[in-house]
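[1] Pasted the sequence and its predicted model underneath.
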Amino acid sequence: MLDNLTKTLNHPKVKNSTKAKVLMRAMYGVKVVTLFVCSIFMAAFSGSAKKLRDFQVLEICLWAEAFIELQFFVNRGIRNTFSSDLGKKSEKLSQGLDVLAKEVDGFFHIVLIELDALLCNLRVGKCSSF
């Protein structure tokens, strides 16, 4: 849905009416900022920085440079946060897998000891019928 809204992001041409031009530029600004904020929420709720969008703003807007700087700063911060959370989670997963491997090794060691003891008893003792 966000992709479809982004595709509709354009600066419509208006007749020579000054009031109409001002209104359309204001509406364009509202659309850009709304989509930017929505992409931040999408990234936060999905847990993935892939949902972030880098919006291109028309250079004729007086606020274009400020918006691009803000967008760069916010998106970079979010991407860094997700990439460091991913590094921490992969490290935690690795530690968990190490613990699991040790426990499985211990379990099979116990099973082999018990199996060896059972076979030793069968060889030395009398076989009983099941």
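    Arrived safely, thanks for sending.

[2] buried sites along the helix or strand hosting residue 42?
    Following DSSP states H and E, one finds residue 42 within helix 18-46. Across helix 18-46, burial judged by 16 or more other Cβ atoms under 10 Å covers 25, 28-29, 31-33, 35-36, 38-40, 42-43. Backbone N, C-alpha and C define where each C-beta goes, glycine included.

[3] Let me see the contact set for residue 67.
    By Cβ atoms under 8 Å, 6 or more residues apart in numbering, the contact set of residue 67 is 32, 33, 36, 55, 57, 61.

[4] ok, and the closest non-adjacent residue to the most centrally placed residue in the chain?
    For the chain, the residue sitting closest to the mean C-alpha position, by Cα atoms, centre = their mean, is residue 48 at 1.5 Å. Using Cβ to Cβ, 6 or more residues apart in numbering and skipping the chain neighbours, the partner closest in space to residue 48 is residue 82 (6.9 Å).

[5] How about residue 33?
    Residue nearest to residue 33 in three dimensions, not counting chain neighbours: residue 67, with 7.7 Å by Cβ to Cβ, 6+ apart.

[6] From residue 4, how far off is the one you found?
    From residue 67 across to residue 4, the span is 21 Å (Cβ to Cβ, to the nearest Å).

[7] Arrange the buried residues of helix 18-46 in a markdown table, one row each, with pLDDT and distance to residue 92 as further columns.
    Shown next, in a markdown table, are the buried residues of helix 18-46 (pLDDT from 0 to 100; distance: Cβ to Cβ, whole Å):
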| residue | pLDDT | distance to residue 92 |
| --- | --- | --- |
| 25 | 82 | 49 |
| 28 | 86 | 44 |
| 29 | 87 | 42 |
| 31 | 87 | 40 |
| 32 | 89 | 38 |
| 33 | 90 | 37 |
| 35 | 88 | 34 |
| 36 | 90 | 32 |
| 38 | 88 | 31 |
| 39 | 89 | 28 |
| 40 | 89 | 26 |
| 42 | 85 | 25 |
| 43 | 85 | 22 |
